[in-house]
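S.K.: Below is the sequence, then the predicted model.
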Amino acid sequence: MVGRGADGRTAVVDLDAQGEELSRVVVDLEQLPQLIADREARGGPRWVWSDTPAWYDAVLRRGVRAGRCHDLRLVHTILQHSLLVADHGPIRAARAWETGPPVPAEARSGEATLFDLDRTAATQGSVPHDLEAALAELARQRSAIDGSADPGRLRLLAAAESAGALVAAELHAAGIPWDVDEHDRILREALGPRPSPGQTPARMAEAAAEVRAALGDPLVSLDSPPKLLRALHRAGIDVESTSQWELTAHEHPAIEPLLRYKKLSRLLTANGWTWIDEWVREGRYRPLYIPGGVVTGRWASNGGGALQIPRQLRPALRADPGWVLVNADVAQLEPRVLAAMAGDRAMAAAAAGTDLYAGIVASGVVATRQEAKVGVLGALYGGTTGDSGRIVPRLRSTFPAAMGLVDEAARTGERGGGVSTWLGRSSPEPDPAWIASQQRAHQADADPRDGERARRAARDRGRFTRNFVVQGTAAEWALAWLADLRLRLARLEAVEPVATGSGPALGGRAHLAFFLHDEVIVHAPREQAEAAAEAIREAAAAAGRLLFPGSPVDFPLDLQISERSQKG
DNA sequence: GACTAATGCGCG
DNA sequence: AAAGCGCGCATTAGTC
């Protein structure tokens, strides 16, 4: 346990299995990295601390890594809602550990101040960092987990979530190796030369001129949806919105250049030259990763839209000289997770190859891969109309266990109930307005429109809980994958050349550089590329065994080794 | 000028 | 307005 002592110095306490204090040392904050390094060299404990970035960022900057941790803030959030916990009283009463909104990137990254815990503690959304508060919280969490319906699963979830926090801090420290020249080349090819500030790039201006000519409206703004919509109507194009999906359905000479303009405009505003100037420093893009930032347990991110890097820009992710990127993503993670959770033997059989959708076609239930995909997505998201509404019922008869699991999750959500992932992360309660709406609809004098509104709200929530159990369990699988992978990579030898941009703790050996729900990119010295690829594969297999021991479902990867990211 | 909401589109 | 889940971010429009 690491915490701030009453004297303001840093206390490091050894605890036994019951949480009793065995020994205590008190050091200045600046000595913590060395202390952690010494202990890690002798095997390393599980470091318990209030909040991983608050303690670990500065440790990483000194070139020291921690092997395992328990993040009190993240575990508190899980236990607060988990339906496996029998008595939420003590956890929920500890209001200081309720997490506020994530701290914006500007508040975290800019300042190089070491160990500025006061500033962190003063920031909204932070938790107590002092030792006594942390000891008390750890005791509450132990008791909540030990007394829960499934201590084993919650312990696994606490460990996986905490390992994710270490990975997130390390990803931020390492950054994504980013080739600014390649990014600029892609921009120039699409948009034309970089214009002076306030000017429109040439290709965009050309497209805009074509649109205005075709609409017979030389001044219309293409950047204001209401104005554009009125101009489209005046030109006889009958659309309800200016979204590309609706526009593509219409025939008019203005449509093609307008869609082209929108694409270019999006590229410029989201990931143009301004983005490069703001987010890339010394060959690295360093977004903030926020574990548990999504209710389902997926990560969120902050700073530059890290989880939405367009496929078009993937070639700008480029390894340092002498290094390579090992890019791996799981094929159809969510349906595989569903098959494993539900113990659906037919679906597991369909998943036996590398392409689950092809396996579904082979089972005979649908004719084409496209139908298999639409049907599976409809099953996961709750599609009821169109192709998906037609195909989902067929899947229901072929994969009864898998469909039964998501259908039951949907029914529970529609009733206002809660659902849980495989390891025990639970959905949030319905909000008071939702409950009030359901109650209003059940009153004797209810307006029929209230009834319809309430049914729609119930179905909406059903689709959310339906997806929650699968998306959330897939996120748990991914955490287990990351957790295992980072330890395997840490066991590789440190080598030359060092990737200097990746920081003192990571630059000497293969390290994670990017993570996106079901995909990882490892930045590796060329001679460790094969070892890193093997580590990624072994970690995926280990994650499957850890979550679903004995399950026939496997998790095959698409994996590539190259200097540039190949996605897309 | 500072704010929130709505729109639209990128990712899984 | 993707047919259906989860996000972040830039921009415009509307409000104070």
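M.R.: Everything's here; your move. Residues are numbered from 1 along each chain as shown, chains lettered A, B, ... in the order given.

S.K.: all helices for the stretch 1-150 of chain A, in order.
M.R.: A:32-41, A:52-61, A:72-81, A:89-93, A:105-109, A:117-122, A:131-146 (DSSP state H, counting those that start in this stretch).

S.K.: Pull out the buried positions in the fourth one.
M.R.: In terms of neighbour count (16 or more other CB atoms under 10 Å), helix A:89-93 has its buried residues at A:90-92. The way it works is simple: take the backbone N, C-alpha and C, and place the C-beta from them, glycine included.

S.K.: Tell me the one of those residues nearest residue A:489?
M.R.: Comparing the buried residues of helix A:89-93 against residue A:489 with CB to CB places residue A:91 closest, at 34.0 Å.

S.K.: Hmm, residue A:76 and that closest one touching each other?
M.R.: Yes - assessed by CB atoms under 8 Å, residue A:91 is found in contact with residue A:76 at 6.6 Å.

S.K.: Can you work out which residues contact both of the two?
M.R.: Taking CB atoms under 8 Å, 6 or more residues apart in numbering as the contact rule, residue A:91 and residue A:76 both touch A:97, A:141.

S.K.: Include mean pLDDT and distance to residue A:225 when you put the helices of the stretch 1-150 of chain A into a markdown table, please.
M.R.: Below are the helices of the stretch 1-150 of chain A laid out as a markdown table (pLDDT from 0 to 100; distance: least, CB to CB, whole Å):
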| stretch | mean pLDDT | distance to residue A:225 |
| --- | --- | --- |
| helix A:32-41 | 97 | 51 |
| helix A:52-61 | 95 | 38 |
| helix A:72-81 | 97 | 37 |
| helix A:89-93 | 97 | 43 |
| helix A:105-109 | 44 | 28 |
| helix A:117-122 | 37 | 40 |
| helix A:131-146 | 97 | 48 |
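
S.K.: closest one to residue A:180 among the ones you listed?
M.R.: Across the helices of the stretch 1-150 of chain A, closest to residue A:180 is helix A:105-109 (CB to CB), at 18.5 Å.

S.K.: tally of neighbours for residue A:304?
M.R.: Neighbour count for residue A:304, taken as other CB atoms under 10 Å: 21.

S.K.: does DNA strand B sit close to whatever helix or strand residue A:274 lives in?
M.R.: With secondary structure defined by DSSP states H and E, residue A:274 is part of helix A:273-279. No - using CB under 7 Å from any atom of the strand, helix A:273-279 stays clear of DNA strand B, coming no nearer than 12.5 Å.

S.K.: Give me the residues contacting that helix.
M.R.: By CB under 8 Å, 6+ apart, helix A:273-279 touches A:180, A:183-184, A:187, A:194, A:285-287, A:303-304.

S.K.: What are the structural domain limits within chain A?
M.R.: As given by automatic domain parsing, the domain ranges for chain A are A:1-174, A:180-278, A:335-470.

S.K.: Figure out how far the helix holding residue A:274 is from the centre of its chain.
M.R.: Centroid separation for helix A:273-279 versus its chain: 23 Å, with CA atoms, centre = their mean, to the nearest Å.

S.K.: next structured bit after it?
M.R.: Next in line after helix A:273-279, if elements are assigned by DSSP H and E, sits strand A:280-281.

S.K.: Give the pairing partners of the next helix or strand after that next one; include direction for each.
M.R.: Toward the C-terminus, strand A:280-281 is succeeded by strand A:284-285 as the next helix or strand (DSSP H and E). Each strand paired with strand A:284-285, and its direction, by DSSP bridges: strand A:176-177 (antiparallel), strand A:280-281 (antiparallel).

S.K.: Please save the CA atoms from the helix holding residue A:274 in CSV.
M.R.: Taking Å, rounded to 0.1, in the frame of the first residue of the first chain, the C-alpha atoms of helix A:273-279 are listed here in CSV:
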residue,chain,number,x,y,z
TRP,A,273,-2.4,20.3,-39.9
THR,A,274,-3.8,21.9,-36.7
TRP,A,275,-4.2,18.5,-35.2
ILE,A,276,-0.5,17.7,-35.9
ASP,A,277,0.6,20.9,-34.4
GLU,A,278,-1.5,20.4,-31.3
TRP,A,279,-1.0,16.7,-30.6
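
S.K.: Low-confidence stretches in chain A?
M.R.: Within chain A, the segments meeting pLDDT under 70 span A:100-125, A:568.

S.K.: Break down it into its strands, ranges please.
M.R.: For chain A, strands defined by DSSP state E occupy the ranges A:2-4, A:10-15, A:21-27, A:46-49, A:68-71, A:176-177, A:280-281, A:284-285, A:288-290, A:300-302, A:323-330, A:511-515, A:519-525, A:557-562.

S.K.: and those as a markdown table, adding distance to residue A:484?
M.R.: Below are the strands of chain A laid out as a markdown table (distance: least, CB to CB, whole Å):
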| stretch | distance to residue A:484 |
| --- | --- |
| strand A:2-4 | 24 |
| strand A:10-15 | 25 |
| strand A:21-27 | 29 |
| strand A:46-49 | 16 |
| strand A:68-71 | 12 |
| strand A:176-177 | 22 |
| strand A:280-281 | 30 |
| strand A:284-285 | 25 |
| strand A:288-290 | 18 |
| strand A:300-302 | 22 |
| strand A:323-330 | 13 |
| strand A:511-515 | 12 |
| strand A:519-525 | 11 |
| strand A:557-562 | 13 |
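
S.K.: Can you redo those as TSV, where the extra columns are mean neighbour count and distance to residue A:202?
M.R.: Below are the strands of chain A laid out as TSV (neighbours: other CB atoms under 10 Å; distance: least, CB to CB, whole Å):
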stretch	mean neighbour count	distance to residue A:202
strand A:2-4	22	56
strand A:10-15	19	57
strand A:21-27	11	60
strand A:46-49	21	53
strand A:68-71	23	49
strand A:176-177	26	29
strand A:280-281	16	24
strand A:284-285	22	26
strand A:288-290	22	35
strand A:300-302	18	32
strand A:323-330	23	32
strand A:511-515	24	32
strand A:519-525	25	33
strand A:557-562	17	32
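
S.K.: Of these, which is nearest DNA strand C?
M.R.: Comparison of the strands of chain A against DNA strand C by CB to the nearest atom of the strand identifies strand A:300-302 as nearest, at 3.4 Å.
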